[in-house]
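Would you be able to build a 3D model of this:
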Amino acid sequence: MSDPLFEGDDDGNTPLEAEEREQLIPSYITTRNELNEAELANIADAVRWVGRRKRKVLDQGFLNELHKQMYGDVWKWAGTYRTTARNIGIDAYRIPVEYYQAIDDANYWAEHETFPPDEIAVRFSHRVVAIHPYPNGNGRFSRMIGDLLAVELGQPRFTWGQINLVDPSATRKEYIAALKVADAGDYGPLLAFARS
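Predicted coordinates for the structure are as follows:
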């Protein structure tokens with residue numbers, strides 16, 4: 001029997017395994033809309049948390065804590081790597097090494113100015129969402145760290161299409177299409193979308 005709370009709206013949503021779904025903290029949540037609202041409220045708290053901290057974005061400990069701050073009021077697994085297979089992302093056993101490598105690469109790009117600041121932030125954001133390190137929330141998390149890294153590199157935050165990309169929309173479809181093009185190595189559409 002299907003559960004409307006956890007049914008994916010489109011190919012951009014990550015399906016959760018039964019044991020991951022059981023780790024939902026608020027007992028009042030019964031609809032996808034209630035889940036999205038709870039997560040957005042938790043993310044707003046995380047934005048305030050980030051604003052009060054001096055941090056280096058390209059640090060694995062900070063990134064795991066940020067994910068926990070973004071989702072820890074909603075999910076018990078927040079801030080911990082997924083251990084289950086997904087229809088997107090890498091094999092779970094590869095996450096710690098690949099994540100560390102992505103951070104190391106972005107540090108190198110920043111130190112050696114390999115790419116312009118916007119491109120460093122977008123490439124890192126894309127790499128994280130491609131790894132899909134956490135059970136869920138990877139898209140919102142990767143966009144937030146893209147924003148934080150852009151600011152750390154002296155740029156303004158990205159606009160990411162200027163709408164909530166959680167709900168199905170033409171803009172969300174444009175974002176997912178840009179991610180797929182970036183998967184093939186062309187970051188032009190994703191860079192343009194990040195500043196749209």
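
so where does A121 fall, helix or strand?
helix 117-131 (DSSP states H and E).

could you give the mean pLDDT of that helix?
Here helix 117-131 scores 98 as its mean pLDDT.

got it, and stretch 40-54?
Mean predicted confidence for stretch 40-54 is 94.

can you pull the buried residues of it?
N42, I43, A46, V50 (16 or more other Cβ atoms under 10 Å). Bear in mind the C-beta positions are built from the backbone N, C-alpha and C, glycine included.

what's the nearest residue to the first one if we skip its chain neighbours?
Using Cβ to Cβ, 6 or more residues apart in numbering and skipping the chain neighbours, the partner closest in space to N42 is D73 (4.5 Å).

For that neighbour, grab the count of nearby residues.
Using other Cβ atoms under 10 Å, D73 has 17 other residues around it.

same check, this time on F141
If we define neighbours as other Cβ under 10 Å, then F141 has 23 of them.

Go over the secondary structure and confirm it is in a helix.
Yes - looking at F141 with DSSP: H, G, I helix; E, B strand; the rest coil, it is inside a helix.

got a pLDDT number for it?
97.

Next secondary structure after the longest helix seen in the chain?
As assigned by DSSP state H, the longest helix anywhere in the chain is helix 32-51. Sequence order places helix 60-71 as the next helix or strand after helix 32-51, per DSSP H and E.

just checking, what packs against that following helix?
Here helix 60-71 touches helix 32-51, helix 95-112, helix 138-152, going by 3 or more Cβ pairs under 8 Å, 6 or more residues apart in numbering; DSSP states H and E.
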